[in-house]
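Q: no sequence for this one, just the structure:
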């Protein structure tokens, strides 16, 4: 998110026990869906646009000082559990990741000077790159989530009752890791020396 943090909007992991099979090939996949939403901004100068993004972003994204964001939603579907050598293991599942990008959309472009349009284009391109990076971090997490669930096991003697606790612990650890990575990325991008910050400052100064 620009600015200040993009993280998990929601994380739901649903694990169910299906008919126990003795020999099932391992099959897991990550499915990603993306969508983009916009909020309108207007203005002739870079300062006008900067103010409009703070107002519009605050209403649309509902995060303080946010002018763009990446909302993420995870869930797990179609798990198949088997028992092998006294251990309960998942042999099939799908990790679903939904990404929703939020961006400003400038509706008064034709009324602005060429300099403002040029500054806007440069800043907007960097803004999209920023949010897409948040999306990539979330994709990496989805792959890690898949691997963690596949390597989790429970005890058949207690009817796999301990599986959920182990899986939940690992999922929470990964979720915290994801939040840290997203926050660290935002902190680096928020430095005055970063390209996106410099382009934002340049836009605001342009008339």
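A: Arrived safely, thanks for sending. Predicted, not measured: the structure shown is a model, and the values here were computed from it. Numbering: from 1, shown residues only.
Q: sheet-wise, list the partners of the lengthiest strand in the chain with their directions.
A: If each strand of the chain is counted by residues according to DSSP state E, the longest one is strand 87-106. Strand partners for strand 87-106, identified by DSSP bridges, are recorded as strand 27-41 (parallel), strand 69-84 (antiparallel), strand 153-155 (antiparallel).
Q: in TSV: the ones you listed, plus mean pLDDT.
A: As requested, these are exported to TSV (pLDDT from 0 to 100):
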stretch	mean pLDDT
strand 27-41	93
strand 69-84	92
strand 153-155	94
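Q: so which of these comes closest to residue 120?
A: Each of the strands paired with strand 87-106 was scored for nearness to residue 120 using CB to CB, and the closest is strand 27-41 (9.8 Å). C-beta: built from backbone N, CA, C; applies to glycine.
Q: what is the subsequent helix or strand relative to the closest one?
A: Tracing the chain C-terminally past strand 27-41 and defining elements by DSSP states H and E, one meets helix 46-61 next.
Q: so which elements touch that next one?
A: Applying 3 or more CB pairs under 8 Å, 6 or more residues apart in numbering; DSSP states H and E, we find helix 46-61 packed against strand 27-41, strand 87-106, helix 114-151, helix 195-205.
Q: change it to 10 Å
A: The elements that helix 46-61 packs onto, with contact taken as 3 or more CB pairs under 10 Å, 6 or more residues apart in numbering; DSSP states H and E, are strand 27-41, strand 69-84, strand 87-106, helix 114-151, helix 195-205.
Q: could you dump the ones you listed to CSV with mean neighbour count and distance to residue 56?
A: Conversion of the helices and strands packed on helix 46-61 to CSV gives the following (neighbours: other CB atoms under 10 Å; distance: least, CB to CB, whole Å):
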stretch, mean neighbour count, distance to residue 56
strand 27-41, 14, 4
strand 69-84, 19, 12
strand 87-106, 19, 6
helix 114-151, 17, 13
helix 195-205, 17, 15
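Q: pipe those into JSON lines and attach distance to residue 165 per row.
A: Written out in JSON lines, the entries for the helices and strands packed on helix 46-61 read as follows (distance: least, CB to CB, whole Å):
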{"stretch": "strand 27-41", "distance to residue 165": "21"}
{"stretch": "strand 69-84", "distance to residue 165": "15"}
{"stretch": "strand 87-106", "distance to residue 165": "12"}
{"stretch": "helix 114-151", "distance to residue 165": "13"}
{"stretch": "helix 195-205", "distance to residue 165": "41"}
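Q: which one of those lies closest to residue 50?
A: Minimum separation from residue 50 across the helices and strands packed on helix 46-61 (CB to CB) falls at helix 195-205, 4.5 Å.
Q: now do the closest one: distance to the chain's middle.
A: In terms of CA atoms, centre = their mean, to the nearest Å, the gap separating the centre of helix 195-205 from the centre of its chain is 24 Å.
Q: any idea of the mean pLDDT in stretch 186-199?
A: Stretch 186-199 shows an average pLDDT of 97 in the prediction.
Q: tell me where the model's unsure across the chain.
A: Applying pLDDT under 70 to the chain picks out residues 1-26, 63-64.
Q: residue nearest the centroid of it?
A: The residue at the geometric middle of the chain, judged as the C-alpha nearest the mean C-alpha position with CA atoms, centre = their mean, is residue 72 (3.9 Å).
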